[in-house]
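> task: produce atomic coordinates for the following.
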Amino acid sequence: MKRLLLILMVGVFSNGSMFAQKKIPINIDSSVTTKATVTIKGKTIPYTATAGKQPVWDEDGNAIAGLFYVYYKRSDINDTSKRPLVFSFNGGPGAASVWMHLGYTGPRRILISEEGYPVQPYGVEENHSSILDVADIVYVEPVNTGLSRPVDGMRKEDVEKTFFGVNADIKYLARWIKNFVTRQDRWPSPKFLVGESYGTTRVSGLARELQERQWMYLNGVVLVSPTTLGIRRDGPVADANMLPYYAATAWFHKKMPSDLQQKDLTDMLPEVEGFTVNELIPALTKGGLLPLAEKKSIASKMSRYSGISEKVIMEHNLRIPARFFWKELLRDQGYTIGRLDSRYLGIDKVDSGESPDYSPENTSWQHTFTPAINYYLKNYLNYNTDLDYYIAGHTRPWDRNDDHTGEDLGRAMSENPYLHVMVQSGYYDGACDYYNAKYNMWQIDQSGKLMERMRWRGYRSGHMMYLRSEDLIKSNDDLREFIKDAIPSDGAAAEYLHNGLKIEKPTIEGERNGF
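Take a look at the predicted model:
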């Protein structure tokens with residue numbers, strides 16, 4: 001009896017260890033396709049949605065990861081040679097593609113309020129503003145975002161070296177895009193990249209990498225709430241450039257003096273922008289040599305524009321840290337404001353302090369998107385897996401060294417006369433603020449010769465401007481217009497003309513292009 005019991009116990013523990021070692025099966029080269037329709041601008045658009053994984057191959061032809069993607073293709077168009085193809089990336093750098101997928105351009109959208117706040121029950125609805133009427137869309141999840149994973153057995157240090165860094169990320173994604181285009185027979189199609197937040201770093205670098213390493217030339221790059229793109233702005237420029245955002249936020253919360261408050265937002269901001277570049281940056285450059293009277297004059301103007309008291313500004317030597325601003329602006333009302341979208345209000349444990357306890361907009365968005373994507377994949381795309389959907393936070397540490405992606409984008413534009421760039425910014429975004437987005441473009445195109453192919457558009461919301469219903473419509477319409485404008489007429493040559501309009505600086509580029 002004892003011997004039988006021992007045998008049974010050995011069997012139980014053996015089977016237990018076997019089950020403990022079992023992993024969720026991952027097929028890195030598989031997909032499932034469904035069919036659906038969506039009504040966009042009153043017209044029914046039929047489409048297929050392919051959700052699956054495509055391998056990442058190293059230079060020796062070995063599979064090193066499987067990237068999850070969702071590919072939406074309009075199904076009533078047979079000739080795709082003129083049909084635009086858009087690759088969409090989110091940021092983080094560890095953020096999944098869910099944000100623009102279910103918030104912005106896809107055929108289905110999360111259920112939220114008109115201003116973008118969570119509602120229950122959770123779910124999705126048709127996105128009547130989707131760009132699927134004018135372009136096919138691929139939402140791509142880089143390694144360790146969404147459902148994308150490295151292959152089993154890859155060492156942690158090898159995963160980090162191969163995937164988790166500015167330039168490593170760009171390198172493997174360019175190869176993956178090339179393979180996707182080949183598999184789907186889309187080489188003749190006009191091609192566009194859309195990136196949000198850190199995704200703008202990603203697509204800016206990809207524009208050059210695709211051209212110089214994969215021989216794939218793009219028609220357009222869209223930067224939604226762009227990062228600094230590796231463009232240096234240390235010291236006085238960095239400190240001063242936040243003031244226009246502070247002014248926009250103060251205007252929204254009605255913290256400006258009446259003469260400024262009564263103006264419309266876009267009528268008020270040019271005054272602040274002019275002060276920033278013509279007075280504030282030179283003043284900050286002088287540092288301790290700035291005469292006291294001049295310092296007080298600058299502080300007085302900053303107070304008018306920012307909603308922060310002159311006394312507090314003087315105490316900070318004219319330099320207002322962003323985290324302090326988010327804590328200070330509504331301190332007297334007992335609220336903090338959001339970092340990524342400063343329309344959102346938060347409540348801290350105590351009103352004192354130098355920075356908020358948390359970011360109210362971020363918790364709101366996690367509240368909204370996480371249930372929606374898990375529900376959508378299973379019930380709409382028929383994609384079933386036990387893998388966790390990584391919303392964010394699984395790509396650390398990230399190597400940010402040698403970030404020259406802004407310069408890369410400028411080089412790609414110089415090399416490719418077809419390539420256009422559009423920037424989309426929310427006025428109330430304090431993480432990737434609108435004025436620094438403009439500054440990026442000024443530095444990328446210091447000669448002014450590329451300005452004709454650049455445009456900037458602003459929206460009265462934050463980092464994810466598309467969560468606000470009015471801006472969802474406007475931003476998608478801006479995308480439609482950009483895609484149309486970036487596709488040349490049949491037979492138009494990709495060339496620069498000597499003394500021609502293609503290389504002359506437009507005389508009204510600021511008014512026309514939004515800079």
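> now the helix or strand encompassing Lys327: average pLDDT?
With secondary structure defined by DSSP states H and E, Lys327 is part of helix 322-328. Averaging pLDDT along helix 322-328 yields 98.
> now that helix: buried residues?
For helix 322-328, burial by neighbour count (16 or more other C-beta atoms under 10 Å) applies to Phe324, Phe325, Trp326, Lys327, Glu328. Glycine gets a C-beta too; all of them are placed from N, C-alpha and C.
> and for stretch 487-500?
Result for stretch 487-500 [16+ other C-beta under 10 Å]: buried residues Ile487.
> distance between it and the chain's centre?
Stretch 487-500 has its average C-alpha position 30 Å from the chain's average C-alpha position, going by C-alpha atoms, centre = their mean, to the nearest Å.
> coming back round to it: counting by contacts, list what the helix or strand just after the helix holding Lys327 packs against.
On the C-terminal side of helix 322-328, the closest following helix or strand by DSSP H and E is strand 336-337. For strand 336-337, the contact count by 3 or more C-beta pairs under 8 Å, 6 or more residues apart in numbering; DSSP states H and E identifies helix 322-328, strand 345-346 as packing neighbours.
> can you pull out the residues in contact with strand 336-337?
Strand 336-337 is contacted from outside by 249, 253, 326-327, 329-330, 343-348, 356-357, 360, using C-beta atoms under 8 Å, 6 or more residues apart in numbering.
> ok, now with 7 Å
Outside of strand 336-337, the residues that reach it under the criterion C-beta atoms under 7 Å, 6 or more residues apart in numbering are Thr249, Trp326, Lys327, Leu329, Leu330, Tyr344, Leu345, Gly346, Asp348, Pro356.
> give me the phi and psi for the fifth one.
Read that as Leu330. With angles defined as degrees, to the nearest 10, Leu330 sits at phi -110, psi 20.
> I'd say it and Lys254 touch.
No: here Leu330 does not reach Lys254: they are 10.4 Å apart, not a contact under C-beta atoms under 7 Å.
> who has more neighbours, the two?
The neighbour comparison of Leu330 against Lys254 (other C-beta atoms under 10 Å) goes to Leu330, with 19 against 9.
> now do the helices in the stretch 351-500 of the chain.
For the stretch 351-500 of the chain, helices defined by DSSP state H, counting those that start in this stretch occupy the ranges 360-379, 405-415, 434-444, 469-486.
> show me where the stretch 51-200 of the chain has its strands.
Assigned by DSSP state E, counting those that start in this stretch, the strands in the stretch 51-200 of the chain fall at 63-74, 85-89, 108-110, 124-126, 136-140, 149-150, 191-196.
> output the contacting helices and strands for the last one.
Counting contacts by 3 or more C-beta pairs under 7 Å, 6 or more residues apart in numbering; DSSP states H and E, strand 191-196 is packed against strand 85-89, helix 98-100, helix 198-213, strand 220-224.
> list the buried residues of that strand.
The neighbour-count check on strand 191-196 (16+ other C-beta under 10 Å) flags Lys191, Phe192, Leu193, Val194, Gly195, Glu196 as buried.
> output those residues as a markdown table; include the columns distance to Thr33.
Formatted as a markdown table, the entries for the buried residues of strand 191-196 read as follows, by distance: C-beta to C-beta, whole Å:
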| residue | distance to Thr33 |
| --- | --- |
| Lys191 | 22 |
| Phe192 | 23 |
| Leu193 | 24 |
| Val194 | 23 |
| Gly195 | 26 |
| Glu196 | 26 |
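> what's the closest of those to Met154?
Nearest to Met154, judged by C-beta to C-beta, of these is Gly195 at 25.9 Å.
> separation between Ile112 and Cys432?
Here the distance between Ile112 and Cys432 works out to 21 Å (C-beta to C-beta, to the nearest Å).
> oh, that last question was meant for Ala174, not what I typed.
In this structure, Ala174 and Cys432 are 23 Å apart, going by C-beta to C-beta.
> low-confidence stretches in the stretch 401-515 of the chain?
Regions of the stretch 401-515 of the chain meeting the criterion pLDDT under 70 cover residues 499-512, 515.
> any idea which residue is closest to the centre of this structure?
Taking C-alpha atoms, centre = their mean, the centroid of the chain lies closest to Glu196, which sits 1.0 Å from it.
> distance of that residue relative to Gln424?
In terms of C-beta to C-beta, Glu196 sits 9 Å off from Gln424.
> which residues do the two both contact?
With C-beta under 7 Å, 6+ apart as the test, Glu196 and Gln424 both reach Val224.
> returning to that earlier point: tabulate the helices and strands packed on strand 191-196 (a markdown table), appending distance to Gly491.
As requested, those are arranged in a markdown table below (distance: least, C-beta to C-beta, whole Å):
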| stretch | distance to Gly491 |
| --- | --- |
| strand 85-89 | 21 |
| helix 98-100 | 33 |
| helix 198-213 | 22 |
| strand 220-224 | 19 |
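> what residues does stretch 271-288 touch?
Looking at stretch 271-288 with C-beta under 7 Å, 6+ apart, the contacting residues turn out to be 236-237, 239-241, 243-244, 247, 290, 294, 298, 301, 305, 318, 435.
> for those residues, which one is nearest Tyr389?
Nearest to Tyr389 among the contacts of stretch 271-288 is Tyr435, at 34.6 Å by C-beta to C-beta.
> in contact with that closest one, which residues?
By C-beta under 7 Å, 6+ apart, the neighbours of Tyr435 are Asn241, Pro244, Tyr245, Glu273.
> burial count for the second one?
The reference is to Pro244. By other C-beta under 10 Å, the residues close to Pro244 number 27.
> helix or strand for it, which one?
Secondary structure from DSSP H and E places Pro244 in helix 243-252.
> now do that helix against helix 434-444, angle only.
With axes from the mean of the first three to the mean of the last three C-alpha atoms, to 10 degrees as the basis, helix 243-252 and helix 434-444 are set at 150 degrees to each other.
> and Ser306, what does it touch?
For Ser306, the contacting residues are Leu243, Tyr246, Ala247, Ala250, Ile320, taking C-beta under 7 Å, 6+ apart as the criterion.
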